[in-house]
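> Predicted structure and sequence below. I'll ask about it afterward.
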Amino acid sequence: MNQIIENQNKPEFIRLLKAQRIAYSISKRYSSVEYLIIFISMGLPLYLIFQPTSDQQSFIIIISGILIIISILLDSFLKNRTSIASKIQEEFDSNLYDLKWNDLLCEEKVENETIIKLSKNYFENDLKDWYSKEIKSNLDHEIAVLFCQKSNVYWDKDLRKKYNVFLYGLLVVYYVLFFIIGYVKNIPFETFTLLILPSLTFLKFQIQLINNQNQIINKKEIITNKINFFFNNYKSNKSKPLQTDLRELQNAIFSLRCHISKIPNWFYKIYKNSHESLTNESIRMKINEITK
C-alpha cells in the first residue's frame, strides 16, 4: 500500500514544489537572455541585407564574436541555476517515494532557508495533485513509485519530441528565407557569406539544442524500457522492484533534470491539459493490465 497521492499535497511537499517552480523560472528567465542573443544573431544578417553599412565587414566580425562569447558564458551560469531547481525536485521525489538521498550524485541538499525563500515567491494555487490521482492507495508502494517515475519520463520525452519538430522547422524556415532574399536581391557570394556570419550563433544554438534534446529523449527511452521491465515482472509473478532498483531509476531521472536544455513555459502550456488527460488514461489501463 502507498500514501503518495495523500502525502504529495501536504504543506511540506507543496513548499518544495513552489520552490522548484521558482528556481526553474529563474533559470528560464536567464535563458531568455540567450534567446535575445539568438534573436539578434537571426535578425542582424537580414537587417544588413536591406541596410548595408560602409564598414560592414569589421562590424559583423566584432558582433559575431561578442554573441558567441556571451552565449558560452551564459551556459555556465544556467547550469548552476538548473542544478538548484533539480535538487529541490529530487528532494520532493525522494521524500515522497521514501528513497534515500544520493549524496554522491546529488551532493548536498538545497538549504531549507533557500527553499522557504523561493517558495514564498510563488503565488499560484495549481500545484496540488502533482501526480495523477489514478495512482490509488491500494497499489503496492514500489509500483506506485514506478507509475510516478514513468509519468515524469514519458511527459518530458513526448514534449521534447514535439519541441524538436518545432526547432527543425524554425531552422529550415530561417535559412530558406535568408537564401531566397539573398537570391532575389542578387547579393554577391562573398558578401552573402559575410552577412550570414552572425547567424552562426543561432545555428550553433539550434544544432546544440536539437542534439541535446535527442540525447535526453534516447536516455528517457532507456529509462522507460527499464520501468516497463519491472511492470512486466510484477504482472507475471508479482515480483516488486527493490529500493535499489527505484533509486537507480531516480538517479537517471535526476541526471537528466540537471541538463540546461529546458522546454520553454509557453510550449509546455500548449500541451499541458492534453498530457494530463493522456497520463490518467494510460495509468488506468496499465493498472488494469498488471492487476488482472
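Received the coordinates, thanks. Numbers count the residues shown, from 1 in each chain.
> quick one, what contacts the nearest residue to R15 once chain neighbours are set aside?
Nearest non-adjacent residue to R15, counting by C-beta to C-beta, 6 or more residues apart in numbering: S119, 4.7 Å away. Glycine gets a C-beta too; all of them are placed from N, C-alpha and C. Contacts for S119 were tallied using C-beta atoms under 8 Å, 6 or more residues apart in numbering; they are R15, L16, K18, A19, I22.
> can you give me the helices for this structure?
Listed from the start of the chain, the chain has helices (DSSP state H) covering 4-7, 11-50, 56-97, 103-106, 112-119, 141-184, 189-195, 200-237, 243-257, 265-290.
> State the distance from the residue nearest the centre of the chain to Y168.
By C-alpha atoms, centre = their mean, the chain has its centre lying nearest to K262, at 3.3 Å. Distance of K262 to Y168, computed by C-beta to C-beta, to the nearest Å: 18 Å.
> Determine the number of other residues adjacent to V172.
10 (other C-beta atoms under 10 Å).
> same thing with E276?
Neighbourhood size, E276 [other C-beta under 10 Å]: 14.
> Give me the pLDDT for the nearest residue to it once chain neighbours are set aside.
Nearest residue to E276, sequence neighbours excluded (C-beta to C-beta, 6+ apart): S132, at 7.6 Å. On the pLDDT scale, S132 is placed at 88.
> The one 10 residues further on now?
The predicted structure scores E142 at 95 on the pLDDT scale.
> In contact with it, which residues are there?
K240, P241, L242, Q243, L246.
> Mind doing that once more with 6 Å?
By C-beta atoms under 6 Å, 6 or more residues apart in numbering, the residues touching E142 are K240, P241.
> and it, how far is that from K240?
4 Å.
> cool, L48 as well?
In terms of C-beta to C-beta, L48 sits 63 Å off from K240.
> got the buried residues for the worst-scoring helix or strand of the chain on mean pLDDT?
Least confident helix or strand, the chain: helix 189-195 with a mean of 75, by mean pLDDT, DSSP states H and E. Across helix 189-195, burial judged by 16 or more other C-beta atoms under 10 Å covers F192, L194, L195.
> Name the nearest residue to the last one, sequence neighbours excluded.
Spelled out, that is L195. If the residues on either side of it in the chain are set aside, L195 comes closest to P45, at 4.9 Å by C-beta to C-beta, 6+ apart.
> ok, the one you found - how many residues close by?
Per other C-beta under 10 Å, the neighbour tally for P45 reads 23.
> And A19, by the same measure?
Neighbour count of A19, defined by other C-beta under 10 Å: 27.
> pretty sure it contacts K120?
No - between A19 and K120 there is no contact under C-beta atoms under 6 Å: 8.9 Å.
> neighbours around I22, how many?
20.
> Nearest residue to it in space, please, no chain neighbours.
L118 (4.4 Å).
> and what of S282?
Y154 (7.7 Å).
> mind checking pLDDT for that neighbour?
Looking at Y154, its pLDDT is 80.
> Cool, thanks, signing off.
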